[in-house]
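Enquirer: my questions are about this predicted structure, shown below with the sequence.
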Amino acid sequence: MHKSIKIVAASILSVMATTTVHAQRQPEQWVKIATNEDDEQIYFDVSSQKQVFDSGVKTNSFRTVTTSSQGASLRGARYQADCFQGTLALQSAEVVTARGAFVRRIPLESAYKEANVPMKDTIAAAILQYACSRF
């Protein structure tokens, strides 16, 4: 799953203009989750969360925005976390505005959307941990 996300992210970069996320202006909306090996920062969009408690299954749909080390917005992504199973699935890749707001979805093949248990000490594991921390 991790290489698949990286491939999708690289393709998104080729179709996006560089913009800036102003996380410091809306601290209640953006929570920094991690920094990847390319020094890009991943922010969790708290305002995008849709939490579901049904029959003991705890799911959380949310989006993240990744910025460059200079603060330029690179891409958005929507995920589905199953906190009961400990899985994370990429639902869609997104083009985002200067403030990290959704502009449009980029279609993904179904293979990219498969739910997986993230490997320990990865960006995906950090995203899942934060998404499920309130359950």
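Expert: Structure received. Residues are numbered from 1 along each chain as shown.
Enquirer: quick one, grab the pLDDT at the residue nearest the centre of the chain.
Expert: Central residue of the chain (CA atoms, centre = their mean): residue 64, 3.1 Å from the mean position. We have a pLDDT of 94 for residue 64.
Enquirer: may I ask you to confirm that it belongs to a strand?
Expert: Yes. Judged by DSSP: H, G, I helix; E, B strand; the rest coil, residue 64 forms part of a strand.
Enquirer: residues contacting it?
Expert: Residues near residue 64 by CB atoms under 8 Å, 6 or more residues apart in numbering: 33, 42, 43, 44, 45, 76, 77, 79, 127. Heads up, the C-betas are built off the backbone N, CA and C, glycines and all.
Enquirer: ditto for residue 49
Expert: Applying CB under 8 Å, 6+ apart, the residues near residue 49 are 60, 61, 62, 131.
Enquirer: nearest to residue 92, of those residues?
Expert: Nearest to residue 92 out of those is residue 61 (CB to CB; 10.6 Å).
Enquirer: in terms of helices and strands, where is residue 92?
Expert: Assigned by DSSP states H and E, residue 92 belongs to strand 87-96.
Enquirer: for the record, mean pLDDT for that strand?
Expert: 93.
Enquirer: then stretch 43-56?
Expert: pLDDT averaged over stretch 43-56 gives 83.
Enquirer: work out the gap between that stretch and the centre of the chain.
Expert: Its chain's C-alpha centre and that of stretch 43-56 lie 13 Å apart, by CA atoms, centre = their mean, to the nearest Å.
Enquirer: check stretch 85-93 too.
Expert: On CA atoms, centre = their mean, the centre of stretch 85-93 falls 9 Å from the chain's centre.
Enquirer: repeat for stretch 66-80
Expert: That offset, for stretch 66-80, works out to 8 Å (CA atoms, centre = their mean).
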